[in-house]
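In: Show me how the following folds:
(one chain, ligands or ions: 1)
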Amino acid sequence: MARGESRKRKPGTPDYRKRFWAAVTAIVVAAGSIGVSHAGFTLPNQAQKQVQMAAAETEPAEQTAKKQVPNAAKQSLELEDAQGIQEADAAAVADQSELESDKTTASGFRSVDETVYATENLLNVRSGCGTEYEIVTQLNQGDSVQRVGIGDGWSEVLYKDKSCFIRSEYLTTTEPGSEEATVTAQGAEADAQGAPVSNGCIVAIDAGHQAKGNPDKEPVGPGSSTMKAKVASGTEGISTKLPEYELTLSVSKKLKRILEERGYQVVMIRESNDVNLSNAERAEIANKSGASIFVRIHGNSLDNTTVNGTLSMCQTASNPYNGGLHAASYSLSKKITDSVCAATGFKNRGVQETDSMSGINWCKIPVSIVEMGFMSNPEEDQKMARDDYQELIAGGIANGIDAYYQ
Ligand SMILES: [Zn+2]
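Out: Below you'll find the predicted structure:
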């Protein structure tokens, strides 16, 4: 019995409901296995894991945990995994007692019938009570739903006459705008002093490249017959010899910290150099993460060592895959470039529009490639390798993101 399944069973549930849930579970399981493959290729295990992690991190439960304790979300995921292993071991040696405890956790849901309101924007409504279940829809703050059950940290609600599940801590029975709600909101704001208040924006960050490039080919865009290397090995500092993949990850981690301090939720496509993720796969992870923008961090290189400065890239308005995202991507790109140059004093080389980048073409959300500076220019290479300059660059990118959302 899947743990998730046992949780949503309620005592006294009529038989037809059991059969309904068995059918829903089968559909959700089938949908889940389809969900990781797309447009003719399947994500490698690594990517699947990251998709799952990214999805889990968009869940408001982890969002709040991260606000209060850095990495708390990750820790809780790891704890859950460890618990899973322990349970499997226990089942192997004491199958009967495992069944007993399964029965105990199954009685988690208590029937209620009340109207509840979302306390956060982009609140996930899922097909089952667990972050592994499909997101059916999202609620915004103040949206109301009918709650029919409470248990195990989750509320069972009716959405379009179907049972769905929402984390209980993001629901309130207090109607928005009432006197009581105002007092509660003020209290919450006071409690949050010192800790960042969520601004409701989710940003996906991709630290460009990885320790080893992958020359295998993939379509340059969905359905395209034009093929391109999955991920290039990147460049290195002409003077420092710092690999581009290390520079991009170092700045990306700083950017993550700064954005989180400002109330953003951040989805990192990679946090290690030892990954194998193609540019299309990175875009797909961002697409599925719940993020509203995708920022790709790179270092530039040219044969001419005198060329320096910051630029960013986005698609053209006539891009066949996502030209409709051009205006937003251009705005994001321009604001980031301007802010990085203001912060670092680097030369502003503006926004380049191109439809040759797989990681842009596969994207379904506004996207920008930030070429922070030229690693082929000795002076800029040396600056970018410094911790203080990386802080300036990351702060500049964060300022650009702030400006984009304003
Ligand atoms: Zn690059």
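
In: show me the contacts for the closest residue to Ala342 other than its chain neighbours.
Out: Excluding its sequence neighbours, the residue lying closest to Ala342 (CB to CB, 6 or more residues apart in numbering) is Gly396, at 6.5 Å. Backbone N, C-alpha and C define where each C-beta goes, glycine included. By CB atoms under 8 Å, 6 or more residues apart in numbering, the residues touching Gly396 are Ile336, Ser339, Val340, Cys341, Ala342, Ala343, Thr344.

In: next one: Glu218
Out: Counting by CB under 8 Å, 6+ apart, Glu218 makes contact with Phe41, Met227, Lys228, Lys230, Ser278, Asn279, Ala280, Ser358.

In: Need the three-state assignment for the residue of the chain found nearest the ion.
Out: The ion sits closest to His298 of the chain, with a gap of 3.5 Å, by CB to the ion. Three-state assignment for His298 (DSSP: H, G, I helix; E, B strand; the rest coil): strand.

In: Could you check the pLDDT of it?
Out: Looking at His298, its pLDDT is 98.

In: what's across from it in the sheet?
Out: Glu371 (DSSP bridges).

In: separation between it and Ser368?
Out: 10 Å (CB to CB, to the nearest Å).

In: likewise Lys217?
Out: 25 Å.

In: more neighbours, these two?
Out: Counted by other CB atoms under 10 Å, Lys217 and Ser368 do not tie: Ser368 has more neighbours, with 30 against 12.

In: can I assume the more buried one is in contact with Ser312?
Out: Yes - counting by CB atoms under 8 Å, Ser312 is a contact partner of Ser368 at 5.0 Å.

In: residues shared between the contacts of the two?
Out: By CB under 8 Å, 6+ apart, the residues touching both Ser368 and Ser312 are Ser333, Ile336.

In: still on that earlier bit, residues in contact with the residue of the chain closest to the ion?
Out: By CB under 8 Å, 6+ apart, the residues touching His298 are Gly208, His209, Gly234, Glu244, Thr248, Ile369, Val370, Glu371, Met372.

In: repeat that for 7 Å
Out: If you count contacts by CB atoms under 7 Å, 6 or more residues apart in numbering, His298 has them with Gly208, Glu244, Thr248, Ile369, Val370, Glu371.

In: just checking: which of those residues also lie near the ion?
Out: Contacts with the ion are made by Gly208 out of these, judged by CB under 5 Å from the ion.

In: Now neighbour count and pLDDT too, for the contacts of His298, in CSV please.
Out: Formatted as CSV, the contacts of His298 follow (neighbours: other CB atoms under 10 Å; pLDDT from 0 to 100):
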residue, neighbour count, pLDDT
Gly208, 28, 98
Glu244, 24, 98
Thr248, 25, 98
Ile369, 24, 98
Val370, 29, 98
Glu371, 22, 98
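
In: Among the contacts of His298, which one lies nearest to Ala118?
Out: Val370 (33.6 Å; CB to CB).

In: ok, Arg167 touching Trp154?
Out: Yes - here Arg167 reaches Trp154: they are 6.2 Å apart, a contact under CB atoms under 7 Å.

In: Around the ion, pick out the residues from the protein.
Out: Taking CB under 5 Å from the ion as the contact definition, the chain meets the ion at Gly208, Gly234, His298.

In: same thing but 8 Å
Out: Neighbours of the ion within the chain, by CB under 8 Å from the ion: Gly208, His209, Ala232, Gly234, Thr235, Glu244, Thr248, His298, Gly299, Asn300, Ser301, Glu371.

In: how about the strands in the stretch 301-406 of the chain?
Out: Here the stretch 301-406 of the chain has its strands, by DSSP state E, counting those that start in this stretch, at 310-314, 348-353, 367-374.

In: Just give the strands next to the second one in its sheet, each with its orientation.
Out: I take that to be strand 348-353. Strand 348-353 has its sheet partners listed here by DSSP bridges as strand 310-314 (parallel).

In: and the partner strand, what's its mean pLDDT?
Out: Mean predicted lDDT for strand 310-314 stands at 98.

In: returning to that earlier point: just flag the most distant two among the contacts of Glu218.
Out: Those two in these that are separated most widely, counting by CB to CB, are Phe41 and Lys228, at 13.5 Å.

In: out of those two, which sits in the busier spot?
Out: Higher neighbour count among Phe41 and Lys228: Lys228, with 19 against 13, using other CB under 10 Å.

In: Model confidence for Gly151, exactly?
Out: Residue-level pLDDT assigned to Gly151 equals 80.

In: Ramachandran angles for it?
Out: phi 180, psi 150 (degrees, to the nearest 10).

In: what about it, neighbour count?
Out: Count around Gly151 with other CB under 10 Å applied: 21.

In: Arg296 too?
Out: 27.

In: Hmm, Pro366 and it touching each other?
Out: No - with contact defined as CB under 7 Å, Arg296 does not count as touching Pro366 (11.7 Å).

In: Provide a complete list of residue ranges assigned to strands in the stretch 151-300 of the chain.
Out: Using DSSP E, counting those that start in this stretch, strands in the stretch 151-300 of the chain cover 154-159, 162-167, 171-172, 202-207, 214-219, 227-231, 265-268, 293-300.

In: can those go into JSON lines with extra columns for distance to Val125?
Out: Shown next, in JSON lines, are these (distance: least, CB to CB, whole Å):
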{"stretch": "strand 154-159", "distance to Val125": "6"}
{"stretch": "strand 162-167", "distance to Val125": "5"}
{"stretch": "strand 171-172", "distance to Val125": "11"}
{"stretch": "strand 202-207", "distance to Val125": "16"}
{"stretch": "strand 214-219", "distance to Val125": "33"}
{"stretch": "strand 227-231", "distance to Val125": "35"}
{"stretch": "strand 265-268", "distance to Val125": "18"}
{"stretch": "strand 293-300", "distance to Val125": "23"}
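
In: Of those, which is nearest Ala327?
Out: Going by CB to CB, the one of those nearest Ala327 is strand 293-300, 13.1 Å.
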